[in-house]
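[1] Need coordinates for the below:
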Amino acid sequence: MSNDIKPSTTDTTIKPRYVTTPEAAIHLGLSPRTLEKHRCYGTGPTYRKLGGRVVYAIDDLDAWAELGTRQSTSDPGLGEARPAKQTPSKVTKD
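    Okay, here's the model as predicted:
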């Protein structure tokens, strides 16, 4: 009988379902500050508050990034991953 331990061929690594802002920024190739601005302006990926922490679902990050997918510069695409800037509010006259 051998005491050799055989390495497992299956991947047992648990992949996170939710990631923090710095981790989400790395995933998207953005800075954490840019994601914070997106949260404030409502232009970024969907996020959740768990306790006091802001977290992002990986699927939500990927879905938001897919909005910016284009085939060419003239392709209108399916949506838009807008820049992290405040949109001017509409002024109504009474």
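[2] rest of the way, CA atoms for contacts and neighbours
    OK.
[3] which strand of the protein spans the most residues?
    When the chain is parsed with DSSP state E, its longest strand is strand 53-57.
[4] what does that strand rub up against?
    17, 18, 19, 20, 21, 24, 45, 46, 47, 48, 49 (Cα atoms under 8 Å, 6 or more residues apart in numbering).
[5] just the buried members of those residues?
    Buried by 16 or more other Cα atoms under 10 Å: 18, 19, 21, 24, 45, 46, 47, out of these.
[6] Which of those fall in helices?
    Using DSSP state H, the subset of the buried ones among the contacts of strand 53-57 located in helices is 21, 24.
[7] Dump the buried ones among the contacts of strand 53-57 into a markdown table; add pLDDT as well.
    Shown next, in a markdown table, are the buried ones among the contacts of strand 53-57 (pLDDT from 0 to 100):
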| residue | pLDDT |
| --- | --- |
| 18 | 94 |
| 19 | 96 |
| 21 | 96 |
| 24 | 97 |
| 45 | 95 |
| 46 | 95 |
| 47 | 96 |
